[in-house]
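[1] From the sequence below, what's the structure:
(one chain, ligands or ions: 3)
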Amino acid sequence: MKTPHVLTVAGSDSGAGAGIQADLKTCSARGVYCSTVITAVTAQNTVGVQGVNIVPEDFVAEQLKSVLSDMQVDVVKTGMLPSVGIVSVLSQSLREFPVQALVVDPVMVSTSGDVLAGPSILAEFREELLPMADIITPNLKEASALLGCQQLKTVSDMRSAAKLLHEMGPRYVIVKGGDLPDSLDAVDIFFDGQDFYELRSSRIKTRNTHGTGCSLASCIAAELAKGSSMLPAVKVAKRYVETALDYSKDIAIGNGTQGPFDHLFRLKSNVQKSHRQVGFNPSDLFLYAVTDSGMNEKWGHSITDAVKAAIEGGATIVQLREKDAETQKFLEAAKACCEICHSHGIPLLINDRIDIALACDADGVHVGQSDMPARVARTLLGPEKIIGVSCKTLEQAHQAWIDGADYIGCGGVYPTNTKANNLTVGLEGLKTVCKASKLPVVAIGGIGASNAGSVMETAVQNLKGVAVVSALFDRECILTETRKLHAVLKKAASMTIERTH
Ligand SMILES: Nc1ncnc2c1ncn2[C@@H]1O[C@H](COP(=O)(O)OP(=O)(O)OP(=O)(O)O)[C@@H](O)[C@H]1O
Ligand SMILES: Cc1ncc(CO)c(N)n1
Ligand SMILES: [Mg+2]
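    Ligands and ions are numbered 1, 2, ... in the order given. Okay, here's the model as predicted:
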């Protein structure tokens, strides 16, 4: 299988917010392989650039040859090119090993104001590299340096600059306005030789903008490598930077004025941020409370009050099962319940709705046999979230285990009104599934204080607790009912311990 491949020819940033490191992270975030030819090693942090060590041009040439002669590179992206020799070695290599597209980020000045490539390279840049480029991505200072003109101060200046730069040979130009003074939005001007596009996004209020330029260019390169055409690639890249900045706006790395952002936020968004100890603990299944909007409505309970009462009464895990809720209302309720559960160290799962679980950063989901398959849910939710699956048979239990679930819910143990047309498996069915299951099991279906003892006293292996809807929530006082059930479960557990000792 051919993997989309970007080669970045750029400098190393020891602080890892920009340069080679930003390129590697951006391409990884976008699902594209990234090889690296290093042109300079910088000593750099959130304060600025303390030192630059330029790699000799012969050795840059050797790296280029190693990669281009062997690997199928789709797109080359350039960043810091600190010497005339390096620019010319690169142009030669590209003539020898042509690629599908060339993205040139004409890095000269960092946002911190430090010079990364001096004016001596400008002539070589204009004559050799710009005519070969599919797109160039200067910031305001770089655009004026390339044009040898005054500082750019307005969006209208940016348009004129884009047009003049286009005359130097690149097929497309984007002039980045990240550093535009007094601008509420982050405005970039894209020019395709004919039309101008004003690309706007909200300006994220953050100090963590170090490396935005490198990341924008790498993301454009990554999208092109995947087969995108230029304007869509640029739009995706802009949105990627905006989203990453928004996600990272409060992170604190370094003491300087220019912090790095988190390129791989998508991976992190699957990591639990709650106060709960990360990971699933099967003993959490002991008293599993499953909410029901209809019952809450009937008794005039708000969902948050219902969840609070269940937790106070001894629930060890909560699942929100809101079959008829409107999405926006459900999300609001889920966020509120998440806060309540987490302040008590209790995991919160969402029935069926992976989207809601992701949006409120719940601890996981519970899915039925006809919902999203557990394997797909696992891919969407990442490795750390809790996934439970309803199973009635050995085969289903086995599949849940193969699919990467954490527990199974087995039932209906007793007849129930909560679920229409639900097959009752009985205590025998429960026992059969529990014995064969490789996953911990919670029993469900028609269970309450009167029969929870009998369920738990089966003491069958893997059975960790009972899941309850009506017996807790179709009642006037949820707290009292939960306490009652908790006492029954405690008693059953102590009897089981006595018997097994
Ligand atoms: N605060 C911000 N909020 C949203 N987008 C931003 C912000 N700052 C910069 N951008 C966007 O990030 C991209 C890079 O722009 P910028 O002008 O900062 O490049 P640069 O100076 O080359 O970056 P750097 O030198 O930090 O790598 C542009 O698309 C710009 O609009
Ligand atoms: C190595 C390197 N390349 C590019 C930039 C531009 O942000 C930087 N600060 N450092
Ligand atoms: Mg900038």
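[2] alpha carbons only for contacts and neighbour counts from here, please
    OK.
[3] got the buried residues for the helix or strand residue 337 falls within?
    Here residue 337, judged by DSSP states H and E, is contained in helix 327-343. Using 16 or more other C-alpha atoms under 10 Å as the test for burial, helix 327-343 gives 330, 331, 333, 334, 335, 337, 338, 339, 340, 341, 342.
[4] and what of stretch 204-216?
    Here stretch 204-216 shows 204, 207, 208, 209, 210, 211, 212, 213, 214, 215, 216 as buried, counting by 16+ other C-alpha under 10 Å.
[5] Looking at these, spot the one nearest ligand 2.
    Distance ranking of the buried residues of stretch 204-216 against ligand 2, using C-alpha to the nearest ligand atom, places residue 211 first at 4.5 Å.
[6] was I right about residue 264 contacting residue 27?
    No: Residue 264 is beyond contact range of residue 27, at 9.8 Å (criterion: C-alpha atoms under 8 Å).
[7] neighbour-wise, which of these two wins?
    residue 27 (27 against 17; other C-alpha atoms under 10 Å).
[8] Distance of that one relative to residue 214?
    Distance from residue 27 to residue 214, counting by C-alpha to C-alpha, to the nearest Å: 11 Å.
[9] One more: residue 91?
    20 Å.
[10] Please identify the buried residues of the longest helix that the chain contains?
    Identified as the longest helix of the chain according to DSSP state H is helix 478-500. Buried residues in helix 478-500, counted by 16+ other C-alpha under 10 Å: 478-489, 492-493.
[11] Identify the residues contacting it?
    286-287, 306, 309-310, 312-315, 448-449, 452-453, 456-457, 459, 471-472, 475 (C-alpha atoms under 8 Å, 6 or more residues apart in numbering).
[12] any chance of the buried residues of stretch 204-216 in a markdown table, plus pLDDT and secondary structure?
    Converted to a markdown table, the buried residues of stretch 204-216 look like this (pLDDT from 0 to 100; DSSP: H, G, I helix; E, B strand; the rest coil):
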| residue | pLDDT | secondary structure |
| --- | --- | --- |
| 204 | 90 | coil |
| 207 | 94 | coil |
| 208 | 95 | coil |
| 209 | 92 | coil |
| 210 | 94 | strand |
| 211 | 95 | coil |
| 212 | 95 | helix |
| 213 | 95 | helix |
| 214 | 97 | helix |
| 215 | 97 | helix |
| 216 | 97 | helix |
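[13] Return the closest of the residues you listed with respect to residue 355.
    Residue 355 has its nearest neighbour among the buried residues of stretch 204-216 in residue 204, at 24.9 Å by C-alpha to C-alpha.
[14] Could you pull up the residues touching the closest one?
    242, 245, 246, 249.
[15] Emit the PyMOL select command for whichever of these are buried.
    Only the buried entries of those go into this PyMOL selection, using 16+ other C-alpha under 10 Å:
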select buried, resi 242+245+246+249
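[16] which element is residue 198 on?
    Applying DSSP H and E as the criterion places residue 198 in strand 196-202.
[17] list the buried ones in that strand?
    Quick answer for strand 196-202 (16+ other C-alpha under 10 Å): 199, 200, 201.
[18] measure the last one to residue 180 for me?
    When you say that, I think you mean residue 201. From residue 201 to residue 180 the distance is 13 Å (C-alpha to C-alpha).
[19] any residues in contact with both of these two?
    Common neighbours of residue 201 and residue 180 (C-alpha under 8 Å, 6+ apart) are residue 186.
[20] doesn't residue 354 make contact with residue 365?
    Yes: between residue 365 and residue 354 a contact is recorded at 6.6 Å, counting by C-alpha under 8 Å.
[21] quick revisit: output the buried residues of strand 196-202 as CSV; include the columns pLDDT and distance to residue 148.
    Shown next, in CSV, are these (pLDDT from 0 to 100; distance: C-alpha to C-alpha, whole Å):
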residue, pLDDT, distance to residue 148
199, 94, 25
200, 89, 26
201, 86, 28
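[22] Can you tell me which of those residues are also in contact with ligand 2?
    When these are checked against ligand 2 using C-alpha under 6 Å from any ligand atom, none falls in range.
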